[in-house]
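Student: kindly return the folded structure for what I paste below:
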Amino acid sequence: MEEKLYSLDQLEALASGDQAFVDKMVDMFIHMAPESVDRMINALADDNLEDLGAAAHKVKPSIDMMGIVSLKQKIRDLEQWGKNRINVDMIPGLLDEVINTLNDVVQQLRNR
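Tutor: Below you'll find the predicted structure:
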């Protein structure tokens with residue numbers, strides 16, 4: 001069995017036993033994450049690093065709430081690097097890591 005890349009502990013604590021709320025938030029993440037990925041890919045392709053940073057900022061709370069610990073710092077780095085146009089040569093590799101992890105998490109959540 002593959003390692004879970006997420007933890008719903010924080011979300012479940014917030015839900016106080018309301019499983020419908022947990023399910024709704026998971027569904028929202030499953031639909032929102034690919035949109036954020038597309039936005040970041042397009043922003044990088046257009047050399048619009050400011051928008052890439054904005055997209056990273058938008059998805060950051062969801063990554064934290066879904067307990068995706070492996071992306072906690074990476075998404076913050078993408079946000080800052082994009083907004084400030086720093087470490088530009090490192091952005092594509094970091095974005096690939098974020099995209100691959102988000103895609104894997106979405107797949108795991110669909111199969112939970």
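Student: surely residue 58 touches residue 33?
Tutor: No - no contact is recorded between residue 58 and residue 33 when judged using C-beta atoms under 8 Å, the distance being 10.9 Å. (Glycine included, C-beta is placed from N, CA and C.)
Student: more neighbours, these two?
Tutor: Counted by other C-beta atoms under 10 Å, residue 58 and residue 33 do not tie: residue 33 has more neighbours, with 21 against 15.
Student: helix/strand/coil for that one?
Tutor: Following DSSP: H, G, I helix; E, B strand; the rest coil, we place residue 33 in the helix state.
Student: tell me the contacts of residue 66?
Tutor: Taking C-beta atoms under 8 Å, 6 or more residues apart in numbering as the criterion, residue 66 is in contact with 6, 7, 8, 11, 26, 29, 105, 109.
Student: can you tell me the SS state at the second one?
Tutor: In three-state terms, and counting by three-state DSSP, residue 7 is coil.
Student: what of residue 23?
Tutor: Residue 23 carries the three-state label helix when classified by three-state DSSP.
Student: kindly provide the distance from it to residue 94.
Tutor: Applying C-beta to C-beta, to the nearest Å, one obtains 31 Å for the distance of residue 23 from residue 94.
Student: kindly report the same for residue 44.
Tutor: With distances taken as C-beta to C-beta, residue 44 is found 10 Å from residue 94.
Student: who's more crowded, the two?
Tutor: Each of residue 44 and residue 94 has its neighbours counted (other C-beta under 10 Å); residue 44 has more, 19 against 16.
Student: average pLDDT for the helix or strand encompassing the more buried one, rounded please.
Tutor: Assigning secondary structure by DSSP states H and E places residue 44 in helix 19-45. Looking at helix 19-45 alone, the average pLDDT works out to 97.
Student: list the buried ones in that helix?
Tutor: Within helix 19-45, the residues that qualify as buried by neighbour count (16 or more other C-beta atoms under 10 Å) are 25, 26, 29, 33, 36, 37, 39, 40, 43, 44.
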